[in-house]
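**Q** for reference, the sequence and a predicted model appear below.
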There are 2 protein chains.
Amino acid sequence: MEQKGKKTVVKHAKLSKELIEDAAIKLVKEQGFDNLSYRGLARSLEVSPQSLYPYVDNLSQLEVMVIVHYLNSLIDELQDNLIGVSGREALEEYAKVFYSFTKNHLEFSKVFSAAANHPDSSSIDDQFKRMRKILEKAMHYIDADHDTIMNHITLLVTNLMGYVVMQDLNFFDQNDPLPENFESNIKVIIDSFEN
Amino acid sequence: MEQKGKKTVVKHAKLSKELIEDAAIKLVKEQGFDNLSYRGLARSLEVSPQSLYPYVDNLSQLEVMVIVHYLNSLIDELQDNLIGVSGREALEEYAKVFYSFTKNHLEFSKVFSAAANHPDSSSIDDQFKRMRKILEKAMHYIDADHDTIMNHITLLVTNLMGYVVMQDLNFFDQNDPLPENFESNIKVIIDSFEN
């Protein structure tokens, strides 16, 4: 499992939450979210599992840390790219950033889905709230009541995430010359908001 | 982990692929897909792990067995409910059956997503093919070329699965009085096929 030279070696005295988080993200990138373990993390940092306790209590807390990190990165990119963009262009940009984020982080689908194992985590919930808020703001140009806007958000978000999950599953026929249909389908959805 | 009285007790001599499958499904229902294990299955059947070998080689094969079982059940329900139904009604029915299946099997989201861990399984792929084929047939009433139909299938399926995943994640704000927006969003999507 360990790869010499790729290891994040840390003097025990220098452990910090940030270092631990970095090492956890690195593990997830290299070995997948399913293989994230408390012992594996300790090993990659060359410390004993016990010395991690002051920073992360258990695997569950470690997982939440990783999930929140990914959501945070995604939200940062969303915010960066939505500055100065308005109207339906903002929604198209949201979709585009979401999509390219998942392409650049193939482990994201697993990480995101793992949030289902932490239904009581307020820090994950906070990130979800931020993702929704950004969409709500981007939808200001649409003249509709609150419930309708919530419906629109549901439709757009389920489609974004569904696309990521289904691609991950290889659900779509690879032999069939599928056109680059993500963008066109997002346009269909955004069109429907304007009717 | 074991619950007396709920156990599926089997005489070693009576083991069969069907019995093993039933016990595996029961385990997944009771303890979740993430807790499916080779040893746990053997324990629930009161046999040694070794005696399972002739029927299932390893955990990976066991997982595929469970995934295929669920997809099969879903497809059975889809087929049953789509007999004698045509036009957009068939698509609405497909969505309805899919949705209620996931409501009746809360473990389905995890099971379905786990297919991503078995990208080379031809038996899972066969089930996906069947799911697509049913949709393709249901879309016969739409006058469009093959690529467009594939786009429509992508849009509908990603939305169905995305909805299931996002609900599982509690992505949507529970405090917000979200209307029953699944059906209305499916209608929006099906409407878009007719334009």
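**A** Sure, I can see it.
**Q** since we're on the residue of chain A found nearest chain B, how many residues are nearby?
**A** With CB to the nearest CB as the measure, the residue in chain A that lies nearest chain B is A:Gly162; the distance is 2.4 Å. For glycine as for every other residue, the C-beta is placed from the backbone atoms N, C-alpha and C. By the other CB atoms under 10 Å in any protein chain shown criterion, the neighbourhood of A:Gly162 contains 24 residues.
**Q** which non-adjacent residue is nearest it?
**A** The shortest distance from A:Gly162 to any non-neighbouring residue, by CB to CB, 6 or more residues apart in numbering or on different chains, is to B:Gly162 (2.4 Å).
**Q** report the contact partners of the one you found.
**A** A:Val157, A:Thr158, A:Asn159, A:Leu160, A:Met161, A:Gly162, A:Tyr163, A:Val165 (CB atoms under 8 Å, 6 or more residues apart in numbering or on different chains).
**Q** change it to 6 Å
**A** The neighbours of B:Gly162, taking CB atoms under 6 Å, 6 or more residues apart in numbering or on different chains as the test, are A:Thr158, A:Asn159, A:Met161, A:Gly162.
**Q** among those residues, name the ones in helices.
**A** A:Thr158, A:Asn159, A:Met161, A:Gly162 (DSSP state H).
**Q** residues from chain A in reach of chain B?
**A** Applying the criterion CB under 6 Å from any CB of the partner chain, the portion of chain A that neighbours chain B consists of A:113, A:115-116, A:119, A:128, A:147, A:150-151, A:154-155, A:158-159, A:161-163, A:165-166, A:168-171, A:178-179, A:181, A:185, A:188, A:192.
**Q** okay, now the domains of chain A?
**A** Using automatic domain parsing, the domain parsing of chain A gives A:12-57, A:64-193.
**Q** quick one, which of the residues of chain A next to chain B are buried?
**A** With neighbours counted using 16 or more other CB atoms under 10 Å in any protein chain shown, the residues of chain A next to chain B contain these buried positions: A:113, A:115-116, A:128, A:150-151, A:154-155, A:158-159, A:161-163, A:165-166, A:168-171, A:181, A:185, A:188, A:192.
**Q** which residues of chain A fall in strands?
**A** Assigned strands in chain A: none (criterion: DSSP state E).
**Q** now do the helices in it.
**A** According to DSSP H, chain A carries its helices in the segments A:17-31, A:38-45, A:59-82, A:88-104, A:108-113, A:122-138, A:146-168, A:181-193.
**Q** what about A:Ser51, how many neighbours?
**A** 15.
**Q** likewise the one 5 residues further on?
**A** Applying the criterion other CB under 10 Å, we find 19 residues in the vicinity of A:Val56.
**Q** what sits closest to it if chain neighbours are left out?
**A** Closest to A:Val56 by CB to CB, 6+ apart is A:Leu62, at 5.0 Å.
**Q** quick one, grab the pLDDT at the one you found.
**A** pLDDT recorded at A:Leu62 is 95.
**Q** how many residues are close by it?
**A** Other residues within reach of A:Leu62 by the criterion other CB under 10 Å amount to 21.
**Q** pretty sure it is touching A:Tyr53, no?
**A** No - counting by CB atoms under 6 Å, A:Leu62 sits too far from A:Tyr53 to count as a contact (11.4 Å).
**Q** hey, which of the domains of chain A is tucked in deepest?
**A** Across these, averaging neighbours per residue (mean count of other CB atoms under 10 Å in any protein chain shown) puts domain A:64-193 on top, at a mean of 17.
**Q** show the backbone phi and psi for the residue nearest to A:Ser60 when sequence neighbours are not counted.
**A** Nearest residue to A:Ser60 in three dimensions, chain neighbours excluded: A:His118, at 6.9 Å (CB to CB, 6+ apart). Main-chain dihedrals, A:His118, degrees, to the nearest 10: phi -130, psi 60.
**Q** my read: A:His152 touches A:Phe193, true?
**A** Yes - here A:His152 lies in contact with A:Phe193, judged by CB under 6 Å, at a distance of 5.1 Å.
**Q** how far is stretch A:181-189 from where the chain is centred?
**A** Per CA atoms, centre = their mean, to the nearest Å, the displacement of stretch A:181-189 from the mean C-alpha position of its chain is 21 Å.
**Q** show residues contacting that stretch.
**A** Contacts made with stretch A:181-189 from outside it, assessed by CB under 6 Å, 6+ apart, are listed as A:Ala95, A:Leu155, A:Leu156, A:Asn159, A:Tyr163, B:Asn151, B:Thr154, B:Leu155, B:Ser192.
**Q** and with 10 Å instead?
**A** A:88, A:91-92, A:94-96, A:98-99, A:152, A:155-156, A:158-160, A:163-164, A:167, A:172, B:147-148, B:150-156, B:158-159, B:185, B:188-189, B:191-193, B:195 (CB atoms under 10 Å, 6 or more residues apart in numbering or on different chains).
**Q** low-confidence bits of chain A, can you list those?
**A** A:1-13, A:174-180 (pLDDT under 70).
**Q** max pairwise distance over the ones in helices among the contacts of B:Gly162: which two?
**A** By the measure CB to CB, A:Asn159 and A:Met161 form the most distant pair in the ones in helices among the contacts of B:Gly162, at 7.5 Å.
**Q** for A:Ser16, what are phi and psi?
**A** For A:Ser16, the backbone dihedrals are phi -150, psi 160 (criterion: degrees, to the nearest 10).
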